[in-house]
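Peer 1: Could you work out the structure for the sequence below:
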Amino acid sequence: MLAWAAIVLSTLMLPITAITVAMILVRSPGTSTSDPLGFVMIVLAPPATFVAGIALLRRMRWAWFYMVTVLSVVVVASIYQFLFAPTASFTYLDQNGVRTTVVTRDKSTFAPAIVIGTGLLLVLLTRRSRGDFFARKNPPPPVVTGRQRDWRVGHRGRDAMYYEEVCGGAWQRIEIDGEMLTGRAHHVIYFASPEKWQSYPEWARLRRDEIIARIKSELREPDYEYLESSVAHPYHAPIESPARPAREKGFGALIVAVVALLAVSGWMFCIVMAGIDVGEIRLPVKQSAQRLVSRQQKPAMFWTSVGIYSAIGLGTFGVAVWGVAAGRKR
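Peer 2: A predicted model of the protein is given here:
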């Protein structure tokens, strides 16, 4: 759902991107002012988000990192605007002499972005979503020719497995239900009960123990777990996942460190946003802790300071993401 939303929204923005790029190329008067943040949002973000949406459908890891970064920036920026941005308004006298105040910048307009962005971010950070993108890549089982043995086992898609055997000179297959996990065992296999096994083809119907033993010899513990299912084919009924292993010691400290890094990243982003809005930013140097640099008076030093704060924010955010990924591999 998130992937399709990203594709649709970015597609709606692509014509605006094309028009803006054309205006920049012909040096239109409307592009005489420089706005780096606007350039990123109008020119770079729509095509990048369109590609990321397609990559999300293909479960590419970089697309997950991209969407987490974009949503984090949107949420932090919206919170900053909601809490600190000034409210623009003007007052006038109407024809009856009544003083009327009109609010032209209502902070409540940022609330939907905060709520929706936070919700989508939490969806991406759930165990199930992370499992789709960071599942351990298992090498495919070796394909053995019929001259060496007449059966083989393999994966079908993300969850299910299959068992194949040569019958009557051709490979015959039965599907075995399964589910991808994120713990030490990266898959659980659900063998059909003896009663349900009777719904399999005739060549496999009376050989349940033999076939299960063969499958276990190829898909071994502790990388695989085995349970008995009441259904013979996958996706006919919801199956309760086995208990996940307890979290290792030190996981709490990792969470604290990640939260601290994200807080630093968000604070740096707020400094950058405030500096761009006001046109002044504090120099990131200890000796100049009280010195403000104006964008109009010293643009080079101003944008250098913005770049330093941005690099610190992106660096701490990257370390936080790396810490989460490393913690999941333990």
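Peer 1: How are the helices of the chain distributed by residue range?
Peer 2: Using DSSP state H, the helices of the chain run over 2-25, 36-39, 45-57, 61-84, 111-125, 127-134, 194-197, 202-205, 208-218, 251-278, 299-329.
Peer 1: how about the ones you listed, which one is nearest Pro284?
Peer 2: Among the helices of the chain, helix 299-329 comes nearest to Pro284, with 4.8 Å by C-beta to C-beta. For the C-beta atoms, the positions are set from N, CA and C on the backbone; glycine is no exception.
Peer 1: Looks like Leu14 contacts Val43 (just checking).
Peer 2: No: in this structure, Leu14 is not within contact of Val43 by C-beta atoms under 8 Å, at 10.7 Å.
Peer 1: So what's the residue count around Val123?
Peer 2: Using other C-beta atoms under 10 Å, Val123 is surrounded by 14 other residues.
Peer 1: where does the protein have low pLDDT?
Peer 2: Within the chain, the segments meeting pLDDT under 70 span 1-2, 27-39, 85-95, 100-109, 135-148, 229-252, 285-290, 326-330.
Peer 1: check contacts around the most centrally placed residue in the chain.
Peer 2: Nearest to the geometric centre of the chain sits Trp64, at 3.0 Å (C-alpha atoms, centre = their mean). Trp64 makes contact with 56, 124, 129-130, 133-134, according to C-beta atoms under 8 Å, 6 or more residues apart in numbering.
Peer 1: List only buried entries from those.
Peer 2: 56, 124, 130, 134 (16 or more other C-beta atoms under 10 Å).
Peer 1: Out of the residues you listed, the closest to Ser294 would be?
Peer 2: Leu124 (38.9 Å).
Peer 1: Which residue, neighbours along the chain excluded, lies closest to that closest one?
Peer 2: Distance criterion C-beta to C-beta, 6 or more residues apart in numbering; nearest residue to Leu124, sequence neighbours excluded, is Val68 at 5.6 Å.
Peer 1: show me what contacts the one you found?
Peer 2: 121, 124-125, 321.
Peer 1: Redo the helices of the chain as JSON lines? Include distance to His187.
Peer 2: Output for the helices of the chain, formatted as JSON lines (distance: least, C-beta to C-beta, whole Å):
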{"stretch": "helix 2-25", "distance to His187": "24"}
{"stretch": "helix 36-39", "distance to His187": "45"}
{"stretch": "helix 45-57", "distance to His187": "23"}
{"stretch": "helix 61-84", "distance to His187": "19"}
{"stretch": "helix 111-125", "distance to His187": "23"}
{"stretch": "helix 127-134", "distance to His187": "11"}
{"stretch": "helix 194-197", "distance to His187": "20"}
{"stretch": "helix 202-205", "distance to His187": "21"}
{"stretch": "helix 208-218", "distance to His187": "12"}
{"stretch": "helix 251-278", "distance to His187": "23"}
{"stretch": "helix 299-329", "distance to His187": "16"}
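Peer 1: wait, Ile281 sits on Arg291?
Peer 2: No: using C-beta under 8 Å, Ile281 is not in contact with Arg291, being 10.1 Å away.
Peer 1: Not counting sequence-adjacent ones, nearest residue to Arg282?
Peer 2: In space, Arg282 is closest to Leu292, 5.7 Å off (C-beta to C-beta, 6+ apart).
Peer 1: Count the residues that sit near that neighbour.
Peer 2: Using other C-beta under 10 Å: Leu292 sits among 14 other residues.
Peer 1: same check, this time on the one 3 residues further on
Peer 2: The tally of other residues near Arg295 (other C-beta under 10 Å) stands at 17.
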